[in-house]
Each structure stands twice: as C-alpha cells, then as structure tokens.
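S.K.: Could you look at this predicted model? Sequence included:
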Amino acid sequence: MSAITFVLSAFISVSSGLLEGIPPQEVLHSDATLQLLMSEVTRLSNELKEAQEKISTLDNQVDKLTNKDRDIAFFAYLGPGLVNPSPGTTIVFNEPMTNSGNNYDPQHGVFTASVNGTYNFHLIAASPENSDPSHQLHLYITKNKPGSYVSYGWLDRTTDHWVQTSASAVLHLCKGDRIWVEVGAVVGSHTLAGHSDNRPHTYWSGFLIHAD
C-alpha cells in the first residue's frame, strides 16, 4: 500500500468516527467525496508507476548510448612493407583487426578522439636485415600537427638480423584531437617490415582508458 493510500484510509477511518450523529444524507455525501478522492489517488498512482517505468527505460537507453560512445579501441597492422619512406610520411596501418567505435581511419592512418579522456597508444615496428650499415629510421607518435611528437622508437644500423622497436604514450585527449605515427629521421636505405609469412611485423594500437 502506498503512503498516500494509507493516509487516506486512516483519514476515512477517523472520519467515520467523527461522522457519528451527522444526518445520513450528509454522511453519504462525505462518503461519496472520499470514494472520488480514492479513485483519483488510484489513477494518479497508476500514472506515476507508468511514468517511473518509462523513466527507467529511458535511463537504460541513455546508459547503452553512453557506453557505446566510450567503447573505443583499435588494433591495426601494416600490410605491404614500406621501402625508404620519406621524413614526414604518415604510416598507414591499413589492416585493422579491431576498430571499436571506428575512431581509427585505416585509409589515412589517423586516430581521432571522439570523447575527452585518457588514452593509451602502443607502436611495434620491425625491420629486416639490411645491407646498408649506416641506415636509420625513426618513428614518432604524433599529436595534432606534423612534428608535434610525444614518443618515438628507432630502427638503426642492423645488417645481419631483424630488429624491432616500440613506443608507447598515455595521453589526455580532447574530442577531435588526432594521433598518428610519423616518419622522422631517415638515413640511407631502409625497409619498414609489413605483413609477411602470415605474420604482422609492424602494428599500432590504442584504446580509451577512461572518459572525463
């Protein structure tokens, strides 16, 4: 029983005692009024229940939409290898394996933040054996504009074996901020290894740690 119904029931009981000695026609009139009040309370109670159910449904829908906006993660690898990429080149990891939220653009190699928050990024890059002993290739995690570097790794001076490097960054981004991997210093002849022997050798990932 709702609090309103309980109070009205108590009121009716008290009123019944108070109505003793009052002419029957007046008592009947009072009883009819109370019945109307009870009917109105019941109607309002039902409407309130329906409104609460609708609010609960809307809250669930909002939660789903909010969680969908915050499901942000990607993992992509380099398909064909790159031979002698130029300084300033954006590395396009064109083979996405995961792209929750579609924040990573595999056509241009750029991740764009869709919500304010803290993000993690990680780069693994590899290079095969190289006949040029002086070769160098530096790769930078870059934010918003060319040359705005936040982390980097290098693949330098290997001649008789493969070499691998990595770079990571934990960044606070605002909605619309852009992150990519950019070629920095290049010396001599160099190859950035792509997908071969059924294995990805150079890959790039990122995800939202938490939204603001």
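M.R.: Yep, it's here.
S.K.: C-alpha only now, for contacts and for neighbours.
M.R.: OK.
S.K.: ok now do the residue minimising distance to the centre of the chain, which residues does it touch?
M.R.: In the chain, the centroid-proximal residue (CA atoms, centre = their mean) is Arg70; its distance is 1.8 Å. For Arg70, the contacting residues are 101, 115, 208, 211, by CA atoms under 8 Å, 6 or more residues apart in numbering.
S.K.: Please, which helix or strand holds the third one?
M.R.: Here Leu208, judged by DSSP states H and E, is contained in strand 203-211.
S.K.: Who are the packing partners of that strand?
M.R.: If you count contacts as 3 or more CA pairs under 8 Å, 6 or more residues apart in numbering; DSSP states H and E, strand 203-211 packs onto strand 73-77, strand 117-127.
S.K.: could you pull out the helices for the chain?
M.R.: For the chain, helices defined by DSSP state H occupy the ranges 3-18, 24-69.
S.K.: hmm, back to that, which neighbours in the sheet does the strand holding Leu208 have, and how are they oriented?
M.R.: The strands beside strand 203-211 in its sheet (DSSP bridges) come out as strand 73-77 (antiparallel), strand 117-127 (antiparallel).
S.K.: Identify whichever of those lies nearest to Asn46.
M.R.: With CA to CA as the measure, strand 117-127 is the member of the strands paired with strand 203-211 nearest Asn46 (42.5 Å).
S.K.: So what touches that closest one?
M.R.: With CA under 8 Å, 6+ apart as the test, strand 117-127 has contacts from 155, 162-174, 190-193, 201-212.
S.K.: Filter those residues down to the buried ones.
M.R.: Buried subset of those (neighbour count, 16 or more other CA atoms under 10 Å): 155, 163-170, 172-174, 190-193, 201-209.
S.K.: Going by distance to His138, which of the contacts of Arg70 wins?
M.R.: The closest of the contacts of Arg70 to His138 turns out to be Leu208 (CA to CA; 25.9 Å).
S.K.: And that closest one, how far from Glu182?
M.R.: Distance, Leu208 to Glu182, by CA to CA, to the nearest Å: 21 Å.
S.K.: for the strand holding Leu208, the distance to its chain's centre please.
M.R.: With CA atoms, centre = their mean, to the nearest Å as the basis, strand 203-211 stands 9 Å off its chain's centre.
S.K.: quick thing: my sequence starts at 239, can you match it?
M.R.: Yes, from this point I'll number from 239; that puts the last item at strand 441-449.
S.K.: residues in contact with the closest residue to Ile362 other than its chain neighbours?
M.R.: Distances taken as CA to CA, 6 or more residues apart in numbering place Ser404 nearest to Ile362, at 4.5 Å, with adjacent residues excluded. Residues near Ser404 by CA under 8 Å, 6+ apart: 360-363, 390-391.
S.K.: Trp418 too?
M.R.: 328-329, 347-349, 379-381.
S.K.: Span of stretch 359-370 from start to end?
M.R.: End-to-end distance for stretch 359-370: 31 Å, by CA to CA.
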